[in-house]
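A.B. asks: fold the following for me, if possible:
(one chain, ligands or ions: 1)
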Amino acid sequence: MYGRGELRGTESDKPIAIDKITKISIEQGAMLNKLMRDHSVERSLEIGLAYGFSTVWMLDALCSLKEAEHIAIDPFQKKHWHGIGLAQAARLEFAGRFEWLPDYSIHALSDLIRKKQRFDFIYIDGNHRFDDVIVDFYLADQIMRPGGLIVLDDMGMNSVRIAANFIINNRAYELVEQSIRNIAVLKKKHDDDRNWKHFVSFEVHDSSKASGLQMLKSSLRKAVGRCRRTFRCQ
Ligand SMILES: C[S@@+](CC[C@H](N)C(=O)[O-])C[C@H]1O[C@@H](n2cnc3c(N)ncnc32)[C@H](O)[C@@H]1O
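C.D. replies: As a prediction, this is how the structure comes out:
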């Protein structure tokens, strides 16, 4: 897939020319794959199928597990992406169940919440506006099991970095150390138990001042300091 300028989709008999931007790097794909294997993931979900690059890395991590399930949410898969993600996923010998939900993430995630579904790993790479990322996270959290991982893509964007900073300061998630700067890997500590007026202020930097990871680490240090002062722990 990475070497090709054209890929087959479900919506046309001929290969379709693909843009060069819409794919995760090989290093980032390998990291998603490693994180899933290291955390014994069996049920995963992603927002943003596009050409299926991330999907193929994620399905590969689950490939040999018969009970595994992977869901990809994307309302534009057939119209905009010519079904290329679906066709690429179909090329794999995936023993588990792969499902595409052709809906906006707010609707698909809300349906999964109502069905009381739980996942071990959720990769958020859909609409990258700040409020979309926050809403995707808010809904994804409700189907994430404690101990599972939520990964935010495109930490180079202020919108995503600020969303990640809110999460680290306000939600029961900790940052997992890893080497890919473009993603934030967030581990869920427990289900949400904040009271109705909970809010911890956090700093908003722009990208010229600090790298995403540096900003998150500094934010995390401040959040831990605040927690120690509040609870008078050592
Ligand atoms: C950057 S692309 C995903 C790339 C893919 N993860 C990869 O690396 O191969 C973003 C995708 O999000 C989808 N998308 C945009 N808004 C969405 C929404 N509200 N709900 C679900 N998917 C959305 C787009 O159709 C697009 O396929």
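
A.B. asks: tell me how far the closest residue to Gln117 other than its chain neighbours lies from Trp196.
C.D. replies: In space, and not counting its chain neighbours, Gln117 is closest to Ile143: 5.2 Å by C-beta to C-beta, 6 or more residues apart in numbering. Glycine gets a C-beta too; all of them are placed from N, C-alpha and C. Applying C-beta to C-beta, to the nearest Å, the value for Ile143 to Trp196 is 22 Å.

A.B. asks: now His39
C.D. replies: 32 Å.

A.B. asks: more neighbours: those two, which one.
C.D. replies: His39 (17 against 4; other C-beta atoms under 10 Å).

A.B. asks: which SS state does the spatially most central residue of the chain fall under?
C.D. replies: Centroid-nearest residue in the chain: Tyr123, 1.8 Å away (criterion: C-alpha atoms, centre = their mean). Under the three-state scheme (DSSP: H, G, I helix; E, B strand; the rest coil), Tyr123 adopts strand.

A.B. asks: for it, which residues are in contact?
C.D. replies: Leu32, Ser44, Leu45, Glu46, Ile47, Ser54, Met58, Val151, Asp153 (C-beta atoms under 8 Å, 6 or more residues apart in numbering).

A.B. asks: who is it paired with across the strands?
C.D. replies: Beta-bridge partners for Tyr123, by DSSP bridges, are Glu46, Val151.

A.B. asks: run through the helices of the chain in chain order.
C.D. replies: Using DSSP state H, the helices of the chain run over 26-38, 53-62, 84-90, 105-114, 130-141, 158-170, 212-231.

A.B. asks: just those helices: most buried one?
C.D. replies: Mean neighbour count (mean count of other C-beta atoms under 10 Å) peaks for helix 53-62 among these, with a mean of 23.

A.B. asks: show me the contact partners of that one.
C.D. replies: For helix 53-62, using C-beta under 8 Å, 6+ apart, the contacting residues are 1-2, 22-24, 29-30, 32-34, 36-37, 41-42, 44, 46, 48-49, 68-70, 72, 85, 88-89, 92, 94, 96, 98, 121, 123, 125.

A.B. asks: burial count for Pro15?
C.D. replies: Counted with other C-beta under 10 Å, Pro15 comes out at 15.

A.B. asks: just checking, it touches Met1?
C.D. replies: No - contact status for Pro15 versus Met1: not in contact, 11.7 Å apart, counting by C-beta atoms under 8 Å.
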